[in-house]
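[1] Got a predicted structure plus its sequence, pasted below:
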Amino acid sequence: MVRVILPLLAALLFLVGGCSAERNEELYRQQAYVFGTIVDISIWGSDRELAERAVDAVARDFQRMHYEWHAWEPGPLTELNAAIASGGRGEVVPSLRPLIAQSRVLYERSEGLFNPAIGGLLRLWGFQSSERPNGPPPREEAIAGWVALAPGMDDVILEEGGLTSRNRAVQLDFGAFAKGYAVDLAIERLRALGVENAIVNGGGDLRAIGRPGKRPWRVGIRHPQGQGVLAALEVQGDESVFTSGNYERYNEFEGVRYTHILDPRTGMPVKGITSVTVIHDNGAEADAAATALVVAGVEAWHRIARKMGMKYVMLVDEAGAVHMDPAMAARVIFQEPRPVDVRISEPL
Ligand code: AMP
Ligand code: MG
């Protein structure tokens, strides 16, 4: 048995079992640095020329999306946000339109917990920066001021070629969603070029199609506290696995950690949840849901997951307890050391 271990930034993706040496040679892997993360593309069973062409095409798509969707590097989205802030009509480039339309739906389904209109609050907290923020949290009045204005995706009115907002405090930031949407587009691109078996993995968030030979793709979910893999999963056919966690980005000030996932209801960083992993068919919804469920927390994750149509959810709380629905429980293969406190919910 040949085992290939692929080290990644935020997760391990590993292919296990059943691969002969010749089969392994059919696995083509390339990495590109986009969206501030390493995107790892694995293609199985396509000839090398096609695989190279496909990866090139995906990398080019990603570069364009990075430019068109970036919330603070100058580009179409920063221009759109400036127009919203001034109360005017902003131009919406074609690639942004479906992102806005779909995130509006997911905003509603998540009861506003997934809220890409949150850019102004992210800026207050210093998360709209390529550097890790440092320094004290924003003043309470500034946070309360943002909460009182309550910008939401339901303030946004998409029109032919452009957009207006009923609320000038709306500042779009697709940080919780763009990677999922981009991974979906990448899979679409690969398929259109004739690739049948592939994984597009952006720092542990991935979508897979087909399988590498007779066995399914097998992927690892990174342990949220520390190193290694919490659990392994077999990915069946066409599925996405997305994880959101408070360990990814944060500001630490005077011993307090402020995570990059913010609760739009309070304006404060979420507490109590270490990570949420979901499996879903498409990456965009999986990405939005993983973030929303971190905000929902132990009390509300089940209800919100249902509303968002999720069937497989695993949540790790700050005390290390693992909460999951039975369908997810049937799929995760915990690695040593296994979590001691595992709580299975009602079915989703
Ligand atoms: P993810 O890693 O997919 O959970 O996305 C986290 C990123 O989404 C953060 O770095 C912020 O840019 C943004 N974000 C934080 N809180 C929210 C929220 N409640 N709704 C939507 N986006 C958020
Ligand atoms: Mg997300």
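    Cool, the structure landed. Ligands and ions are numbered 1, 2, ... in the order given.

[2] Ligand 2 contacts on the chain?
    Proximity of the chain to ligand 2 (CB under 5 Å from the ion) is limited to residues Ala176, Ser244, Asp287, Ala290, Thr291. C-beta here means a position set from N, CA and C on the backbone, and glycine is covered the same way.

[3] which ones among those are found in strands?
    Of the residues of the chain next to ligand 2, the ones assigned to strands by DSSP state E are Ser244.

[4] In helices, which of the residues of the chain next to ligand 2 fall?
    In this view, the residues of the chain next to ligand 2 that belong to helices under DSSP state H are Asp287, Ala290, Thr291.

[5] could you pick out which of those are near ligand 1?
    Asp287, Ala290, Thr291 (CB under 6 Å from any ligand atom).

[6] Switch those over to TSV; also include pLDDT, neighbour count and distance to Asp341.
    Below are those laid out as TSV (pLDDT from 0 to 100; neighbours: other CB atoms under 10 Å; distance: CB to CB, whole Å):
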residue	pLDDT	neighbour count	distance to Asp341
Asp287	98	32	27
Ala290	98	29	21
Thr291	98	28	24
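
[7] of all those, which comes closest to ligand 1?
    Within these, proximity to ligand 1 (CB to the nearest ligand atom) peaks at Thr291, which comes in at 3.5 Å.

[8] Find the nearest non-adjacent residue to the closest one, please.
    Leaving aside its sequence neighbours, Thr291 sits nearest to Ala176 (CB to CB, 6 or more residues apart in numbering; 3.9 Å).

[9] rewinding a little: and which of the ones in helices among the residues of the chain next to ligand 2 is nearest to Val170?
    Thr291 (17.8 Å; CB to CB).

[10] And that closest one, how far from Ile84?
    Distance check for Thr291 against Ile84: by CB to CB, to the nearest Å, it reads 22 Å.

[11] ok, now Ala144?
    21 Å.

[12] How about Glu131?
    From Glu131 to Ile84 the distance is 25 Å (CB to CB).

[13] Those two: which is more packed in?
    More crowded of Glu131 and Ile84, by other CB atoms under 10 Å: Ile84, with 26 against 6.

[14] For the more buried one, what are phi and psi?
    Backbone geometry at Ile84, expressed as degrees, to the nearest 10, gives phi -60, psi -40.

[15] Just the element for Gly297, please.
    Using DSSP states H and E, Gly297 sits within helix 283-307.

[16] What score does the residue in the stretch 1-150 of the chain positioned nearest to ligand 1 have for pLDDT?
    Residue of the stretch 1-150 of the chain nearest ligand 1, by CB to the nearest ligand atom: Asn115 (4.3 Å). pLDDT for Asn115: 98.

[17] pretty sure it is in a helix, no?
    No. The assignment for Asn115, made by DSSP: H, G, I helix; E, B strand; the rest coil, is coil rather than a helix.

[18] ok, it to Gln236 distance?
    Counting by CB to CB, the gap from Asn115 to Gln236 is 31 Å.

[19] Neighbour count: the two, which is higher?
    A count of neighbours by other CB under 10 Å puts Asn115 above the other of Asn115 and Gln236, at 28 against 12.

[20] doesn't Val156 make contact with the more buried one?
    No. If you go by CB atoms under 8 Å, Asn115 and Val156 don't touch, sitting 11.1 Å apart.

[21] that older thread, include distance to Gly202 when you put the residues of the chain next to ligand 2 into CSV, please.
    Shown next, in CSV, are the residues of the chain next to ligand 2 (distance: CB to CB, whole Å):
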residue, distance to Gly202
Ala176, 13
Ser244, 13
Asp287, 10
Ala290, 13
Thr291, 14
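
[22] Nearest to Val39 among the residues of the chain next to ligand 2?
    Asp287 (13.8 Å).

[23] List the residues that contact the closest one.
    With contact set as CB atoms under 8 Å, 6 or more residues apart in numbering, Asp287 has these partners: Ala176, Phe177, Ala178, Lys179, Gly180, Tyr181, Val183, Asp205, Ser240, Phe242.

[24] So for it, what's the nearest residue that isn't a sequence neighbour?
    Distances taken as CB to CB, 6+ apart put Gly180 closest to Asp287, at 2.7 Å, once the chain neighbours are dropped.

[25] what about that neighbour, how many residues close to it?
    28.

[26] Wait, it touches Phe242, no?
    Yes. If you go by CB under 8 Å, Gly180 and Phe242 touch, sitting 6.1 Å apart.

[27] where does this structure have low pLDDT?
    Within the chain, the segments meeting pLDDT under 70 span 1-25, 226.
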